[in-house]
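1. Sequence first, then the predicted structure, then my questions.
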Amino acid sequence: MLKYTQQAQKLSIGKKEVVHRKLNQGHKQLNSAMASPITQTISHPGASYIKLHFTDLDLTQGGKLVVASADGSESYEYTVENASTASFDLRLGDTENKQFSTMSVSSDTAVVTFYPGVDQTSHFGEIDFYYHGNEGTVGDDSLINEDMSTFSTCGSMERQDVQCWAQSHPVEFERSRPVARLLIAGSSLCTAWRVGPDNRMFTNNHCIESAQELTATEVWFNYQYTQCNGTTKETVVKVTGKDLLKTDYTLDYTLFTVNDFVKTAPFGYFGLDVRDPAQNERIYIPQHGSGNPKELSIESDKDSNGLCSVNEPTANGRGTGTDIGYYCDTIGGSSGSPVLSGDTNKVVALHHLGGCTNKGAKIKQIWPQVASHFNNQVPEGDNSTGTPPPVARFTYNCTALTCQFDGSGSTGNVQSHQWQFGDGQTAMGALQSHSYTTDAVYDVTLTVVDDKGKTSVNTQTVTVGQVSDEARLDKGLPKTGLEGSRGSELRYYIDVPAGANSVSVTTKGGTGDADLYVQFGAEPTTTIYDCRPYKSGNSESCSLTKGAGRYFVMIRGYTAFSGLELVADYQ
């Protein structure tokens, strides 16, 4: 066991590329800060992600740095107010506002836009290097260190995409939600997970052993495919490491917090099982092995019942008797994954070593060292019912005064669909046809109730008939002559019927510089949106494929603008 204990390590995926690209390289000297934003593009063909490092920046006096993917689907904005959410490698001398790494973009191209501060005309900073990587280069066991691969996949490789288990094992699938992928210092990979309702996460000490490593770490939630063995990924939510609360070499754990904690709320959290698991107790492990989109290990051909089980209730890890042993498949990159009991769906161990049996440090051993960070109360998970809570969803399509409502897309063990149509009328059932008597805008609410009595509510604003509404965009019909001052906001929406596959929103023409923001289902802000093209001038376009419902549009003046044309369409 000592052999594998010594070789516990992060999985390396990324490489560093030195560029020393001045932000104003190729740009003329600016005569005023408002002349135009400065743009640069960094590409690395074939990369799964690019993570840029900046030095000699100046974000004072209203300066702003934006890094986005080429298609605008992913973007991150940094100002003096929020620069603390960037990645800081203190070993490189990184510091807020002057030198740091921005969030990675999951693309082989990163578009940089720098908006100079007031009176800033010559000092802009530079991109001194970037990290890049490709998960495909570590997706095959044969490409990983022999000790981490051969002695982690026990028998046949039985890790599968989480979506492959969604129908056959819905509880285990749901319990994979709190698991996240770590990108450490731009190049190394591990797994981490939320624990309890507060801002707390676990990973291994050999993944993150210091505050310096933590502040240089990204935490990726929802990094998984939309279908079993698919190629399209879910929308990934990325945050950065914040505070290191507690770490220990022998038990190989690190407890930490993240920036932008509110963004992690949709993914839930685990409870802890502070006990010795039993011989042959069923277990399962959600993980980001090899840095892959999230996978689940549930089955094991090394166990007589064909399911992952506790094969050694007490085993040696980095310490004597600190671990449990199991044949459940893991691999390099799985370090830090939760080992969950199939009986309680709580975490009983923290995976950290390969060897067949693979090893996880007992939560029973870890808990006394971290209890004070949980007010000495063992945390429960958000799965107390054993099944995921319901989520109310509905689409609609209106012709004249009659609307068709469809709530069958709601998820969970839904037992009832309760409608309030906004005109005083109600109904029960997933599918409803409702006729209104007056042209108007109505707030329609669907409430779903599951078999445990838990509820979920979804309210949408529905325009019925011909309503005079200056904010409404009609299919293919432009709004022209739009104007505004610097910082002003114009807001619009378009209702997209069922059956539409794609939505486009475009601005063009006029003078000045107006910025386009689009979000499905809610008003966009300058930091929360589905699309933000980040282009100079007034020619901007967004394309979304989120289906039927309301799409909200914001036009914001980066400078004063006039004569702008806005059009929304769908197919």
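-> Looks like it arrived, so ask away. Numbers count the residues shown, from 1 in each chain.
2. Show me where the stretch 51-200 of the chain has its helices.
-> Assigned by DSSP state H, counting those that start in this stretch, the stretch 51-200 of the chain shows helices spanning 146-149, 170-174.
3. Of those, which shows the lowest average pLDDT?
-> In terms of mean pLDDT, the lowest-scoring of the helices of the stretch 51-200 of the chain is helix 146-149 (a mean of 36).
4. mind showing which ranges of the stretch 1-150 of the chain have poor pLDDT?
-> For the stretch 1-150 of the chain, the stretches flagged by pLDDT under 70 are 1-12, 26-35, 120-121, 135-150.
5. which residues in it form strands?
-> 11-12, 14-22, 38-43, 49-55, 64-69, 75-78, 100-101, 109-115, 126-133 (DSSP state E, counting those that start in this stretch).
6. need those strands in CSV with mean neighbour count and distance to residue 391, can you?
-> Placement of C-beta: from N, CA and C, glycine included. Below are the strands of the stretch 1-150 of the chain laid out as CSV (neighbours: other CB atoms under 10 Å; distance: least, CB to CB, whole Å):
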stretch, mean neighbour count, distance to residue 391
strand 11-12, 22, 34
strand 14-22, 15, 35
strand 38-43, 17, 38
strand 49-55, 24, 29
strand 64-69, 22, 28
strand 75-78, 21, 27
strand 100-101, 25, 35
strand 109-115, 22, 33
strand 126-133, 22, 33
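7. do you know which of the ones you listed lies nearest residue 381?
-> strand 11-12 (27.1 Å; CB to CB).
8. Number of residues surrounding residue 229?
-> 9 (other CB atoms under 10 Å).
9. tell me which element it is part of?
-> According to DSSP states H and E, residue 229 maps onto no helix or strand at all.
10. Let me know the distance separating the spatially closest residue to it that is not a sequence neighbour from residue 292.
-> The shortest distance from residue 229 to any non-neighbouring residue, by CB to CB, 6 or more residues apart in numbering, is to residue 161 (6.0 Å). According to CB to CB, to the nearest Å, residue 161 stands 8 Å off from residue 292.
11. for residue 316, same thing?
-> According to CB to CB, residue 316 stands 29 Å off from residue 292.
12. out of those two, which sits in the more crowded spot?
-> Shown here are residue 316 and residue 292; by other CB under 10 Å, residue 292 has more neighbours (22 against 16).
13. so that one sits right up against residue 333, yeah?
-> Yes. Taking CB atoms under 8 Å as the definition, residue 292 is a contact partner of residue 333 at 7.3 Å.
14. And the lengthiest strand in the chain, what's buried?
-> Secondary structure assigned by DSSP state E gives strand 549-570 as the longest strand of the chain. Under the neighbour-count criterion of 16 or more other CB atoms under 10 Å, strand 549-570 has 549-562, 564, 566-570 buried.
15. residue contacts, the residue of the chain positioned farthest from its centre?
-> Within the chain, residue 437 marks the point farthest from the mean C-alpha position, 43.2 Å out by CA atoms, centre = their mean. By CB atoms under 8 Å, 6 or more residues apart in numbering, the residues touching residue 437 are 401, 423.
16. What pLDDT is listed against it?
-> On the pLDDT scale, residue 437 is placed at 91.
17. where does it land in three-state SS?
-> For residue 437, the assignment made with DSSP: H, G, I helix; E, B strand; the rest coil gives coil.
18. Next up, phi/psi of it, please.
-> Backbone torsions of residue 437, given as degrees, to the nearest 10, read phi -100, psi -20.
19. so what are the domain limits for the chain?
-> For the chain, automatic domain parsing gives the domain ranges 11-133, 138-373, 395-464, 479-570.
20. most packed of those?
-> Neighbour counts (mean count of other CB atoms under 10 Å) averaged over each of the domains of the chain peak at domain 138-373, with a mean of 21.
21. partners of residue 542 in the sheet?
-> Taking DSSP bridges, one obtains residue 505 as the residues bridged to residue 542.
22. That one touches residue 75, doesn't it?
-> No. When contacts are counted by CB under 8 Å, residue 542 is not listed as touching residue 75 (11.8 Å).
23. Quickly list what's touching both of the two.
-> residue 532.
24. which intervals of this protein have sub-threshold pLDDT?
-> The model of the chain has pLDDT under 70 over residues 1-12, 26-35, 120-121, 135-151, 384-389, 467-468, 527.
25. At which residues are the strands of the stretch 451-571 of the chain located?
-> Using DSSP E, counting those that start in this stretch, strands in the stretch 451-571 of the chain cover 455-464, 479-484, 489-496, 503-508, 511-520, 540-544, 549-570.
26. tell me what the fourth one is packed against?
-> Applying 3 or more CB pairs under 8 Å, 6 or more residues apart in numbering; DSSP states H and E, one finds that strand 503-508 makes contact with strand 489-496, strand 511-520, strand 540-544, strand 549-570.
27. nearest to residue 454, of those strands?
-> Comparing these under CB to CB, the one sitting nearest is strand 549-570, at 23.5 Å.
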